Structure formats: C-alpha cells, structure tokens
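>>> I'd like to go over a predicted model; first the sequence, then the structure.
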Number of protein chains: 2
Amino acid sequence: MQNSVDSIGIVETKYFSFNEKIKLENGLEFGPVTIAYETYGELNETKDNAILVLHALSGDAHAAGYYSSDDKKPGWWDGMIGPGKAFDTNKYFVICQNFLGGCKGTTGPSSINPETNKPYGLDFPVITVEDMVQVQKKLIDYLGVKKLLNVAGGSLGGMQAFEWAILYPELVESAVIIASTTRLSAQNIAFNEVGRNAIVSDPNWNNGDYYNGELPARGLALARMVGHITYLSEESMHNKFGRRLQDKTKVDFSFDVNFQVESYLRYQGKAFVDRFDANSYLFITKAMDYFDLHQKYGSLAYAFKESKSKFLFITFSTDWLFPPSELKDAARILMSLGKEATYCNIDAPFGHDSFLLELNHQTKIVQNFLKGVR
Amino acid sequence: MQNSVDSIGIVETKYFSFNEKIKLENGLEFGPVTIAYETYGELNETKDNAILVLHALSGDAHAAGYYSSDDKKPGWWDGMIGPGKAFDTNKYFVICQNFLGGCKGTTGPSSINPETNKPYGLDFPVITVEDMVQVQKKLIDYLGVKKLLNVAGGSLGGMQAFEWAILYPELVESAVIIASTTRLSAQNIAFNEVGRNAIVSDPNWNNGDYYNGELPARGLALARMVGHITYLSEESMHNKFGRRLQDKTKVDFSFDVNFQVESYLRYQGKAFVDRFDANSYLFITKAMDYFDLHQKYGSLAYAFKESKSKFLFITFSTDWLFPPSELKDAARILMSLGKEATYCNIDAPFGHDSFLLELNHQTKIVQNFLKGVR
C-alpha cells in the first residue's frame, strides 16, 4: 500500500523550550514547555513553504524517516512525507511535533513539574485541542515560519488542523483534515470513558502517581485493546483474522488464546504499555472529548467565519469511529459560506486506521490539492 | 414502543434438576444440573403448542410478567410475550429458562460443585451453545412437550435457536432468529476478549475464586461498559445523550463525569455488578466465541440439511454488532436448499438492542409468521 518513492532517510528529533507561561482554555497559566519536533525538507527564503503535520492520539514527532540505518520502522506517516510523496519534501518544509500532554518528548503529565521536582501526574492541567495548537504556534514562530502553506492531520490531528485554521486565519493557507470530526460523538466519548476507566481501575495507577513504582500496565493495555477494535473495521478484522486459530488446529476449551484476533489484541495492548504513558492517555482523550467547534464558536458557520484556508476533507467508507458524514457536513457549511472546500470519501476497507494505511489515493488527492493552494 | 396489550401478570420462577451427567462438546461429562425456568400460557392436550424463548448474554428465565404487584419492571421480553402479543399466551405455551453457565438459578460457575462443596469457579467446564441446548432439551422433555411450535431468540438466543433447529429437526417446527449470526465475527470475539481481560485483570477476580471475598466489581463493570456501547448504535447514542452535560452548564476541566453518556455507562457498569456473576460472563462469552455453524457442520448447507424448521430471520438496520448480512446469507442458503425461510431487515435506530426495544414491527412480523407455521 505504500508508494514506492524512497524515504527521507535518517532524521533526528529536536527540542525547543519556552519559559513564559501560556494561558490555557481552562483559565490556568502553564509553563515552561518543551516541544519535541522534527522537520523534513528546507524552509524557503520567503519562509512560506511550511506544512505542519499533526499527529493523532498515540503518535509522536517522528512522522517520517528513520532514526538510524538499523531502524526497522520509519515514522508514522512515512508513506505520505518525503521526496515526491504527498507532502513533498523537495518542495515543502514539513514540521511534525509531539503535542502538549503527550509523552514523546513534549511536556506532559510524565514530565517533571518544576514546582515539585516530581512528575506532574494528575497535577498536570486538563488541556484542550486549542491549548495544543497554542503551544504549536510558539514552535512555528521559533522556526521563523511566516505562512503555513498547509496544516494536515488525521483523527485528533484533524481536530488540531481545524483549530489552526480557525485561530490563525492569516497564517494558515490550507488544511487537510482526514478521518476526523468537528465535535466528538457520544459513541467516541463512551469509548474514551471506557479506556480511562480501565486505567484508573488498575490499582497500580495510584491516582496518577506511579512513576516510581509499578506501571498501570493492565489498565493501559485494556484501554489500547478497546481502541484498536475501534480503529479497524469489521471487514478488515474479518480479512485480517477471521476466525482463524492461533497456533492450534482446533479450539481447546480453555481461556488461553484460541483465536488470532485475541493474540493480536493482547500483543497490541502489551506493546503499547512499553511506549505510552497512562496519564497522557487520560489527558489526551479528555482533550478529544472536549472538542466541539459547534458549541465553542456558537455554530460551525461562526467557527469558520474568519478562516481564509482552503480545506480538503478526506473520509473513509469503513470508518465507523469518525463517520464520513461529519466532514461532509463541514464541507457543505464552508461552501455555503463561499469558502473553498473539497470533500472526498475514499472506499477503503481498513476502518479509521485507513488514514495511516490507504496511501495511494490519499497521496494523489493531497498532491493535487496542494498544487492548487497557491 | 411497547404495544398496549396487558402484561401476563404475576409469574414465578420454577426449578427442575436432573442428576444424570450429560456429555459436553468438550468431551467431559457434567452434572447434576438445575434449571431455572418460567412458563406462560397453557400446554394444550396434544402438547404441541410450546414455544421456547431463548435469552441473550445477560438475560434470565424471567422473560415476561412481574414477580409481585410491587415489581417495577416486567421480564426482559414482556412486550413480546403475553395475551395477544407476538408470542400469544392465549394460544401458546411459552417457556423461558436460564441457560447452562448462567447465574440466574441455572447451574453455572457460581453454583456449588457437589464434589468440593465450594462454588465451581474455574472448575466449571468450558461449555458451548450446543451444551446449553442439550440441557434445555431435558427441560422440554420434563415438561412433556411433544413439539416445539417455535424456538425464538435474539443475539445469543438466536444462536441457541439455530442449534435447536439443527440438532432436533423432528421436534422443532419453526425458528425465529433475531439480530444474530451463524458464526461469531472477529470483531465480536475481540470485544468479548476485552471484556474477559477486564475481569481477569481485576485483582479481586483471584483466578475465579472470589465468592467468599470482594467481587471483581471494577472488571465486570468495565466489561459491561464496553458491551453497552456495542449494543447501541452511534445514532441512538447521539439521540439519547449527544454531547449533553450531566448536572453541569459547562465542562469543568476535570476527570469527574462531564457528559451524560459517561454517567450512563458508569451507572450501567455498577448496576450490572449487583446482578451478574463475573465468571458467568467469562464462560458465556467463550461459548459465543466458539459458535460457528460453518466450521462445526462443514458448511451452512450441511448444517441445515436435516432441519425441518421454517425460519424467520429479523435483523436491524443499525445493528453493527450483528450486521444484517449474516442472517440474510443464512436465509439465502436455506432457500437454495428448498427450505422455508423469511428474512426481514427492520429500519430501527437502536442498534443491536433493537430486538429488545423495537417491538411493533417485530410483533406483527412474528405473529404472521407463527400463523403460517402449522
């Protein structure tokens, strides 16, 4: 499914810190903040060829390339970012950062609170998507970017792209919003609530204060297992696993792993514990729950009123977590306001994860859209 | 949504026990068994007007009527069973029982193992839907029933109805199978595995030996929360809760309940703990996972070869847990074998739970189907 163009090669994660406090949506002041970020390609002389790529719940700043020649896996959107790819690093200066509240180098609940010299844990403030974007703006200024040719992201990444286009209309020329929504649905809140409950029900969670002890591994693994089911479609689970048995020729009438899908989920749950912080999971899902452009701005029409962006919306036919209708509605409202919006629903079997897996159509659509931006 | 015909009135749960051992699908012998059951209406002289109603995962023998005049809620399918209702107790002798492995009066993992005088816990055998049906057959014989005019059930109840029609072709004249499947999908197995993992991850579960101590309440509540999301549709969650806040005028930037849907799920989880056994949840979901008529009989065509039943299949447009296509396929195969099968997909917004909630169309369709059975 990946296109055949080469990867960008070896990359490194960089860090930018600022000491001044920012005012959060909840009214609190917060700082200092460190941001982990990567860049691919070169910023041009007029400093207006930058594209900010925004990651989803479990992503990080490492969107493309490899850390070393031994590295087995490239960044999470390597198929989309690189020379000749959708976000063409021969033309564009692509930036990706880990968002506020994360656990991949940017300040989050596992970071040291300078006031206590201990990890924040639950003392970390409850943040919003707008807060994430506000922090990202500091990085964009620091990098000397004058115009964002594009902001792009899938899922929670798309929510950040929405806020960018709304909050910084003079800066953002276009937005690519994929498999996302203008407000989180009741069903999504429900799944997030289950994940959070799994974490806080783990005795090792210890009210968020676990960094010197046992991790809430079972709770976090459970949250991830639930998440994984929602990222796939029924069709893709059927194609990938069906009812095939794991290392067995018949069911063994036990509670051990019998089916491949059980084995897959248990593995995904365990693997996640090694790479993600349980408190970050709580804070990020809460930021998603709170995302509601309709309520925040009075209506979608009000939200988009000042935006000068061209919008490209991409959805996937089997994405039941973020159904296509949401972005289709956003496109309709933008068009009725006389703004430029393109909507495309791609027929792909991979469910919500299609934005990470279905790259051929996405590549062509994004390439042609970006050509028309300036 | 309930039709206006009166309830059957006051009913009581009865018990039937047998001492002989039955041979389970896993090869083990098991017994004695006690079955909790209820009956509504009268068995006729020719003992051939019986209808066996089969419950789903969390159901019980109390399908209709009230236990006392103070009882606030009737049985789980009261809208469908009673005088003049879909399963008309003026005409039919309706039987409902709690299945093997349950925790509502029939022998299950919380029952006392006569060999140890302690609850079975994990010593309870891993059972299948066929094993449940085999036990039900003992009750049918005990009640003197000569013909089952119909076997009926939704979800796991429908799976039992399938096995009845296949295993006892001479006894079963018709089957009403609603919101069910001929084999559990990978997505369903995945959700079941999450629920089981939630339970066994609760330290109170204690390898299934918790009956004299603290219950694995958090694990079981979590399993139920996940289940509840899957029983509803995105549409019904949107209509029921949307993004409405619980006892608040704005979000409070905390991890307390903010949204109504969070409050609902937490309540459903907690309430379930008071009425259900965690080990039963493990064993019943395992029986569901193992359900696969294709694999068991070689193919669906082989499975149905000897069946003499007329089949009525009902599905619901928004049931994403048991998508309509599965029963549509079953109907097609039965028709191609020259058997009588009727398939109806009802446009209802309630998701999988429609079989408990959408009663008007179900009533008319079932009534007319039953008229044509004999």
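Right, received. Where do you want to start?
>>> residues touching the residue positioned nearest the centre of chain A, list them.
By C-alpha atoms, centre = their mean, chain A has its centre lying nearest to A:A56, at 1.1 Å. Residues near A:A56 by C-beta atoms under 8 Å, 6 or more residues apart in numbering or on different chains: A:153-157. To be clear about C-beta, it is placed using only N, CA and C from the backbone, and glycine gets the same treatment.
>>> Now with 6 Å, please.
A:154-157 (C-beta atoms under 6 Å, 6 or more residues apart in numbering or on different chains).
>>> again with A:E214
A:E214 touches A:N204, counting by C-beta under 6 Å, 6+ apart.
>>> A helix includes it, no?
No - the assignment for A:E214, made by DSSP: H, G, I helix; E, B strand; the rest coil, is coil rather than a helix.
>>> could you measure it against A:Y281, distance?
Counting by C-beta to C-beta, to the nearest Å, the separation of A:E214 from A:Y281 is 17 Å.
>>> do A:D70 as well
Taking C-beta to C-beta, one finds A:D70 at 29 Å from A:Y281.
>>> Please say which of the two ends up with more neighbours.
A:Y281 (27 against 6; other C-beta atoms under 10 Å in any protein chain shown).
>>> Now do the contacts for that one.
A:A223.
>>> Could you list the contact residues of the stretch 151-300 of chain A toward chain B?
Proximity of the stretch 151-300 of chain A to chain B, by C-beta under 6 Å from any C-beta of the partner chain, involves residues A:186-187, A:189-190, A:193-194, A:197-198, A:201, A:218, A:222, A:225-226, A:229, A:234, A:237-238, A:241-243, A:251, A:253, A:259, A:261-262, A:265, A:290, A:292.
>>> and those residues, which of them are in strands?
Among these, DSSP state E puts none in strands.
>>> out of those residues, which are buried?
A:186-187, A:189-190, A:193-194, A:197-198, A:201, A:218, A:222, A:225-226, A:229, A:234, A:237-238, A:241, A:243, A:251, A:253, A:259, A:261-262, A:265, A:290, A:292 (16 or more other C-beta atoms under 10 Å in any protein chain shown).
>>> Looking at A:S7 now. What's its pLDDT?
pLDDT for A:S7: 86.
>>> meant to ask about A:Q2, not that
Per the predicted model, pLDDT is 42 at A:Q2.
>>> Return the alpha-carbon coordinates of stretch A:165-180 using PDB.
Listed next in PDB are the C-alpha coordinates belonging to stretch A:165-180 (Å, rounded to 0.1, in the frame of the first residue of the first chain):
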ATOM      1  CA  ALA A 165      -7.400  27.300  10.500                       C
ATOM      2  CA  ILE A 166      -9.900  29.000  12.900                       C
ATOM      3  CA  LEU A 167      -7.500  30.500  15.400                       C
ATOM      4  CA  TYR A 168      -4.800  31.700  12.900                       C
ATOM      5  CA  PRO A 169      -6.700  32.700   9.700                       C
ATOM      6  CA  GLU A 170      -3.800  34.900   8.500                       C
ATOM      7  CA  LEU A 171      -1.200  32.200   8.900                       C
ATOM      8  CA  VAL A 172      -2.900  29.100   7.500                       C
ATOM      9  CA  GLU A 173      -3.400  28.900   3.800                       C
ATOM     10  CA  SER A 174      -4.900  25.400   3.700                       C
ATOM     11  CA  ALA A 175      -5.900  22.500   5.800                       C
ATOM     12  CA  VAL A 176      -6.000  18.700   5.000                       C
ATOM     13  CA  ILE A 177      -8.400  17.100   7.500                       C
ATOM     14  CA  ILE A 178      -8.700  13.300   7.400                       C
ATOM     15  CA  ALA A 179     -10.900  10.800   9.200                       C
ATOM     16  CA  SER A 180     -11.800  13.500  11.800                       C
END
